[in-house]
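Colleague: Based on what follows, work out the 3D shape:
(one chain, ligands or ions: 3)
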Amino acid sequence: MMLGKVERTTSFMADFVEKCGGYAVVDGGFATELERHGADLNDPLWSAKCLVSSPHLIRRVHLDYLDAGANIIISGSYQATIQGFEAKGFSREEAEALLKKSVELAYEAREIYYDRCAKDSWDFVESGRSTRRPILVAASVGSYGAYLADGSEYSGNYGDAVTLEKLKDFHRRRVQILANSGADLIAFETTPNKLEAKAYAELLEEEGIDIPAWFSFTSKDGINVVSGDSILECASIADSCKQVVAVGINCTPPRFIHSLVSSIRKVSSKPVVIYPNSGETYDAVSKQWIRSNGVVDEDFVSYVEKWQEAGASLFGGCCRTTPNTIRAISKALSEKFSVNNN
Ligand SMILES: C[S+](C)CC[C@H](N)C(=O)O
Ligand SMILES: N[C@@H](CCS)C(=O)O
Ligand SMILES: [Zn+2]
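Modeller: Numbering: from 1, shown residues only. Ligands and ions are numbered 1, 2, ... in the order given. Prediction:
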């Protein structure tokens, strides 16, 4: 029986996770990895600056995460907005082309990775046919707060002037472009409040966006999202949206993840995606990370197993995590799952 679009969307991520072996690995910090390679992100465009200045570096970071075992790579469009590019003097057409380019770079990295695997015969061979590791390209959409470039995605306080309609209008064209860019899904990331989650949900519906999406929130206490809105309410908004195929948490210190996964599971049976940051704190003025109790890769790994037991099924890292973090996550989960399957 042929499934309709809605049924296909509903099971899209659960099917993907199953195809990956029961869990999926998401990539790690993208912008901070560009920085580790020498990029200067002290700019209102933050990582989106590299779409203009160093696309080769973007491709390289995507490839490094694929080499580390990622099943999902997230494009460099987090802070790439038409409004942000226009403020820098780009035309509307140039801004739209840069958005598309963010997804194309991720696709190119995937092609290079697959070609390399085929040449090196690294792929798993089954019944005489090689099967390729399933890999999706997610188009990143950062919040309105990310565009403000003042760290507002970690407060979620946009003030009374920022209404639901304003947020929808702010995101509308970018979401349309990314939905038609060839990306496999849209990753709404580091979402700081329930108003923006509502704006995304209404936008997906109003614009008839027909690729899947995930909504991922950020928290600094393990109970609420950063604005103080309840994670239960935010996850419920995501759960009610038929285009949403996973709900989760990103760019949040690892120590808060477990309770957040449990809360999300209370209101949604959609796959849960988690990709915490290193536990360090971002200073939006200097655009630098302040060491607090950052989590080393080995610690991360011991947490991941608990998050999986709490009900998450997609795991990666956000700011200040690296390909080593992702390699460690991938190894820990593959060992856990191979023990369980024996
Ligand atoms: C997720 S935060 C570290 C992104 C950067 C922020 N929007 C800024 O421009 O300062
Ligand atoms: N995908 C983005 C999220 C920033 S919070 C990045 O990794 O740079
Ligand atoms: Zn982050």
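Colleague: near ligand 1, which residues of the stretch 151-300 of the chain show up?
Modeller: Gly151, Glu153, Thr190, Cys251, Tyr282, Ala284, Lys287 (CB under 6 Å from any ligand atom). For every residue, glycine as well, the C-beta is placed using N, CA and C.
Colleague: and the closest residue to Thr9 other than its chain neighbours, what are its phi and psi?
Modeller: Leaving aside its sequence neighbours, Thr9 sits nearest to Pro212 (CB to CB, 6 or more residues apart in numbering; 5.2 Å). Torsion angles at Pro212 (phi, psi; degrees, to the nearest 10) stand at phi -70, psi 170.
Colleague: Show the contacting residues for Pro212.
Modeller: By CB atoms under 8 Å, 6 or more residues apart in numbering, the contact set of Pro212 is Thr9, Phe12, Met13, Asp184, Leu185, Ile186, Gln243, Val244, Val245.
Colleague: quick one: which two of those are the most distant?
Modeller: Farthest-apart pair in those is Asp184 and Val244; separation 14.4 Å (CB to CB).
Colleague: So the two - more neighbours on which side?
Modeller: Neighbours were counted for Asp184 and for Val244 using other CB atoms under 10 Å; Val244 has more, 27 against 17.
Colleague: what's the more buried one sitting at in phi/psi?
Modeller: Torsion angles, degrees, to the nearest 10, at Val244: phi -80, psi 120.
Colleague: thinking again about what came up before, please flag which of the contacts of Pro212 sit within helices.
Modeller: Among these, DSSP state H puts Thr9, Phe12, Met13 in helices.
Colleague: Of those, which is the most crowded?
Modeller: Met13 (25 neighbours).
Colleague: Nearest residue to it in space, please, no chain neighbours.
Modeller: The shortest distance from Met13 to any non-neighbouring residue, by CB to CB, 6+ apart, is to Val245 (3.8 Å).
Colleague: For Leu148, see how far away Pro192 is.
Modeller: Pro192 sits 11 Å away from Leu148, going by CB to CB, to the nearest Å.
Colleague: now swap in Ala201 and tell me
Modeller: Relative to Leu148, and taking CB to CB, Ala201 is found at 22 Å.
Colleague: ok, now Glu165?
Modeller: 18 Å.
Colleague: what's the residue in the stretch 51-200 of the chain positioned nearest to ligand 1 in contact with, if anything?
Modeller: Among the residues of the stretch 51-200 of the chain, Ala149 lies closest to ligand 1, at 3.5 Å counting by CB to the nearest ligand atom. The contact partners of Ala149, by CB under 8 Å, 6+ apart, come to Pro44, Leu45, Trp46, Gln79, Gly84, Ala284.
Colleague: which among those residues end up buried?
Modeller: Leu45, Trp46, Gln79, Gly84 (16 or more other CB atoms under 10 Å).
Colleague: Could I get the contacting residues of the nearest residue to the second one once chain neighbours are set aside?
Modeller: This points to Trp46. Leaving aside its chain neighbours, Trp46 sits nearest to Gln79 (4.3 Å; criterion: CB to CB, 6+ apart). By CB under 8 Å, 6+ apart, the residues touching Gln79 are Ala31, Leu45, Trp46, Ser47, Ala48, Gly142, Ala146, Tyr147, Ala149.
Colleague: Just the pLDDT at Gln79, thanks.
Modeller: Here, the pLDDT recorded for Gln79 equals 98.
Colleague: For it, which three-state class applies?
Modeller: coil (DSSP: H, G, I helix; E, B strand; the rest coil).
Colleague: got any ranges where the stretch 201-342 of the chain has weak pLDDT?
Modeller: Counting by pLDDT under 70, the stretch 201-342 of the chain shows low-confidence ranges at 293-294, 297-298, 340-342.
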